[in-house]
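[1] The following comprises the amino acid sequence and a computationally predicted model.
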Amino acid sequence: MRRTFQILLLALLALTSVSAFAGEQKTTKKQRKQLEETQVKYDSTMRWGTVEDMLPYLDPAYAKEHPLTDLELRRFEQVKISSYRAGDNVPLPDGRIGRNAEVRVININTQSERSVRVKEIWRWDADGKRWLQASGLPDLWQES
């Protein structure tokens with residue numbers, strides 16, 4: 001019963017997020033298309049790239065406030081992402097876009113796999129005319 005409720009809730013959320021995103025006046029059709037293209041590249045980079053490949057997607061303001069330490073960068077070298085499944089985009093009141101993703105992570109040393117849920121925030125950079133990931137790299141070591 002609980003599983004059925006979760007599926008129905010997710011379906012309802014997906015339908016409302018699609019209609020809300022389509023009706024959002026703060027982003028143009030061109031920006032929405034560019035967001036989709038950027039997210040496809042980001043998803044692929046998360047799945048197949050290195051941590052250095054992920055850094056250009058980060059919002060420079062966020063990166064300045066939350067600089068990555070050498071330890072954090074080395075931790076990313078200890079895992080391999082086996083799956084990266086992002087949900088639908090949801091417009092936020094401040095004009096940014098949010099979405100959730102399920103990331104399957106394999107620890108290279110132990111070969112154990114686990115699932116992590118991450119929340120992403122995407123921000124339109126008017127000066128650079130591009131979308132930036134404004135919530136930082138995913139926390140792959142969070143407690144389930």
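    Received the coordinates, thanks.
[2] can you pull the pLDDT of Thr4?
    According to the prediction, Thr4 has pLDDT 48.
[3] again, but for Leu68
    Reported pLDDT for Leu68: 89.
[4] Find the residue closest to it in space, skipping its chain neighbours.
    Leu137 (7.2 Å; Cβ to Cβ, 6 or more residues apart in numbering). Placement of C-beta: from N, CA and C, glycine included.
[5] Sticking with the one you found, tell me its helix or strand.
    Here Leu137 sits in a region with no helix or strand, counting by DSSP states H and E.
[6] how about it, what does it touch?
    Taking Cβ atoms under 8 Å, 6 or more residues apart in numbering, we find Leu137 in contact with 51, 54, 58, 68, 72, 76.
[7] What strands line up against the helix or strand harbouring Tyr84, and which way round?
    Remark: Tyr84 resides in strand 79-86, with elements defined by DSSP H and E. Looking at strand 79-86 with DSSP bridges, its partner strands are strand 97-107 (antiparallel).
[8] chain center to the partner strand: distance?
    Computed by Cα atoms, centre = their mean, to the nearest Å, the chain-centroid distance of strand 97-107 equals 7 Å.
[9] and the residue nearest to the spatial centre of the chain, bridged to which residues?
    Against the mean C-alpha coordinate of the chain, by Cα atoms, centre = their mean, the closest residue is Glu120 at 3.9 Å. Legend: beta-bridge partners of Glu120 under DSSP bridges are Arg99.
[10] can you give me the strands in the protein?
    79-86, 90-91, 97-107, 113-125, 130-133 (DSSP state E).
[11] List the buried residues for the fourth one?
    Right, strand 113-125. By 16 or more other Cβ atoms under 10 Å, the buried positions in strand 113-125 come out as 116, 118, 120-124.
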